[in-house]
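1. sequence and predicted model, in that order:
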Amino acid sequence: MAAHGEGIDFLKTQVLQSLKESAGYLSGQAIAEKLGISRTAIWKNVRQLQADGYQIEAVPNRGYRLIKGEDVLSREELLLLMDDRWIARYVVFYAETDSTNVRVKALAEMGEPEGTLVVADCQVAGKGRLGRWWSSPRGTGISMSLLLRPAFAPRFAPMITLVCALAVCRAIRTCTGLPALIKWPNDIVINGKKVCGILTEMSSEEEAISYVVVGIGINVNTPEFPPEAGVTATSCYLENGRTVNRAWMISVCMRELKDCYENLLYAKDLSGLLDEYSQYMVNKGKRVRVLGTAQAPGSAQAPGSAQAPGVAQAPGVAQAPGSAQAPGVAQAPGSAQAPGNAQPTGGVQPGGSAQDVRDQDVQAPGGSGELSGVAMGVSPQGALQVMDDDGVLHEVISGEVSVRGVYGYAE
Ligand code: BTN
């Protein structure tokens with residue numbers, strides 16, 4: 001696979017842009033003159049755009065007309081919307097792939113630069129946290145992964161997940177007007193249901209990060225979920241009945257991510273973002289149960305862990321005990337689901353759902369049990385501060401823990 005060169009067709013992007021800018025029909029001759037190419041070349045590019053899913057009318061003696069309002073996800077669409085120098089400067093698009101996190105890891109190993117973005121319309125082996133699957137059906141959601149190469153020590157990496165959650169929360173609010181909130185550390189919820197999950201994976205040496213892959217899955221226009229998912233999963237469409245252009249939402253996510261990530265790089269902690277993060281925290285001030293690796297007060301590292309907590313280690317790199325994102329894991333715990341199967345069983349996570357509910361009965365391996373108390377907020381280093389019933393303040397790092405509201409997924 002060629003990295004950022006793959007599928008590059010600037011001409012196709014320019015033809016698309018011309019059609020988008022035109023209010024009505026645009027003749028092949030007019031586009032040809034504008035772009036300095038032949039009418040045959042225009043026709044070929046129009047055919048390709050149609051094959052990508054664009055509805056383009058071709059009427060003799062009048063020309064071409066793009067039927068607007070379509071939610072087509074394509075590389076050209078994304079390139080037209082991205083305006084930054086480094087983030088999403090290189091975009092790789094797949095109509096279908098296994099997992100965008102896997103694709104970005106491969107690109108990272110090939111030395112691709114920070115900011116490389118992989119987007120897929122459909123994933124057949126999408127990965128969730130804790131070794132689960134993430135369901136990403138065609139034409140409905142956002143599945144994307146971003147390559148970062150932060151120049152700080154691995155212990156800072158969990159904060160990346162938090163800044164990404166804040167960025168996506170902002171983007172969903174901007175693009176939909178919906179009251180998206182953050183369920184620490186990395187779920188985005190709307191009206192108590194999960195609309196987005198983030199899987200951060202890292203490859204590092206002892207004191208330096210080689211790369212971080214941030215994988216973001218957003219249920220954007222998903223019209224329905226299987227019954228077993230419906231309790232805790234939702235989509236933007238299900239919340240307000242409106243579809244959103246996914247390419248636009250991706251571009252807004254990238255803009256916000258750049259802002260939040262650069263803030264983190266500068267401050268080396270979350271101090272500049274903490275007020276906003278706290279304002280959007282769904283579990284702040286609520287009773288929560290933390291399942292898995294509960295931390296002793298003042299502790300910042302999971303017992304026995306050699307890895308930045310909350311960030312799974314990329315394949316080929318030693319993995320901390322108790323870390324659940326085993327390289328090459330093909331199946332969620334307890335699931336009989338094969339990769340690429342269309343319908344989730346117990347193992348597929350369509351944006352929250354079955355596993356989240358089941359988690360309430362699960363203790364993470366190596367975890368010291370369950371901590372219950374009131375979520376007070378987040379520390380500048382990104383730890384969840386939980387006051388237990390004896391008034392002791394615990395700092396919980398975003399390792400392989402699950403946080404649940406005592407009354408439900410986020411309540
Ligand atoms: C979670 O379990 O909440 C995290 C889900 C992360 C899913 C996204 S979709 C894009 C990227 N590619 C993957 O395989 N997973 C992440």
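-> Thanks, I have the structure now.

2. how far away is Arg103 from Lys127?
-> Plainly put, Arg103 is 12 Å away from Lys127 if you go by Cβ to Cβ, to the nearest Å. C-beta here means a position set from N, CA and C on the backbone, and glycine is covered the same way.

3. also Ala108?
-> 16 Å.

4. who's more crowded, those two?
-> Taking other Cβ atoms under 10 Å, Ala108 and Lys127 do not tie; Lys127 has more neighbours (26 against 23).

5. isn't that one right up against Ser143?
-> No - Lys127 lies out of contact with Ser143 (Cβ atoms under 8 Å); the separation is 10.3 Å.

6. which residues do those two both contact?
-> Taking Cβ atoms under 8 Å, 6 or more residues apart in numbering as the contact rule, Lys127 and Ser143 both touch Trp134, Gly215.

7. and the residue nearest to Ile67 when sequence neighbours are not counted, how many neighbours does it have?
-> The shortest distance from Ile67 to any non-neighbouring residue, by Cβ to Cβ, 6 or more residues apart in numbering, is to Gln55 (4.0 Å). Using other Cβ under 10 Å, Gln55 is surrounded by 13 other residues.

8. got the contact list for Gln55?
-> Residues in contact with Gln55 (Cβ under 8 Å, 6+ apart) are Leu66, Ile67, Glu70.

9. got the phi/psi numbers for the first one?
-> Same thing as Leu66. phi -80, psi 130 (degrees, to the nearest 10).

10. quick one: what helix or strand has the closest residue to it other than its chain neighbours in it?
-> Counting by Cβ to Cβ, 6+ apart, Leu19 is the residue found nearest to Leu66 once chain neighbours are left out, at 4.0 Å. According to DSSP states H and E, Leu19 maps onto helix 10-21.

11. just give me how far that helix sits from the chain centre.
-> 28 Å (Cα atoms, centre = their mean, to the nearest Å).

12. quick one: buried residues of that helix?
-> Leu11, Lys12, Thr13, Gln14, Val15, Leu16, Ser18, Leu19 (16 or more other Cβ atoms under 10 Å).

13. right, and the pair among these with maximum separation?
-> Greatest spatial distance in the buried residues of helix 10-21: Leu11 and Leu19, 12.7 Å, computed using Cβ to Cβ.

14. lowest-confidence helix or strand of the chain?
-> helix 354-358 (a mean of 27; mean pLDDT, DSSP states H and E).

15. quick check: next helix or strand after it?
-> strand 369-378.

16. and that next one, what does it pack onto?
-> Contacts defined by 3 or more Cβ pairs under 8 Å, 6 or more residues apart in numbering; DSSP states H and E place strand 369-378 against helix 274-280, strand 287-292, strand 384-388, strand 393-396.

17. pLDDT below threshold where in the protein?
-> With pLDDT under 70 as the threshold, the chain has low-confidence stretches at 1-8, 69, 230, 292-369, 399-411.

18. biggest strand in it, by residue count?
-> The single longest strand within the chain, with elements called by DSSP state E, is strand 193-204.

19. tell me the first helix or strand C-terminal of it.
-> strand 209-218.

20. closest point of the stretch 151-300 of the chain to the ligand, which residue?
-> The minimum distance from the stretch 151-300 of the chain to the ligand, using Cβ to the nearest ligand atom, falls at Gly197 (2.2 Å).

21. measure Asp84 to Lys68 for me?
-> For Asp84, the distance to Lys68 - Cβ to Cβ - is 25 Å.

22. typed the wrong thing, it's Gly53
-> Counting by Cβ to Cβ, the gap from Gly53 to Lys68 is 14 Å.

23. look at those two and report which has more neighbours.
-> Gly53 (15 against 9).

24. wait, isn't Asn191 in contact with Thr232?
-> No - using Cβ under 8 Å, Asn191 makes no contact with Thr232, being 11.1 Å away.

25. regarding the chain, what is its longest helix?
-> helix 246-267 (DSSP state H).

26. elements contacting that helix?
-> By 3+ Cβ pairs under 8 Å, 6+ apart, helix 246-267 packs against helix 75-81, strand 142-148, helix 158-176, strand 209-218.

27. and the ones you listed as JSON lines, adding mean neighbour count and distance to the ligand?
-> Output for those, formatted as JSON lines (neighbours: other Cβ atoms under 10 Å; distance: least, Cβ to the nearest ligand atom, whole Å):
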{"stretch": "helix 75-81", "mean neighbour count": "22", "distance to the ligand": "15"}
{"stretch": "strand 142-148", "mean neighbour count": "26", "distance to the ligand": "4"}
{"stretch": "helix 158-176", "mean neighbour count": "25", "distance to the ligand": "10"}
{"stretch": "strand 209-218", "mean neighbour count": "25", "distance to the ligand": "3"}
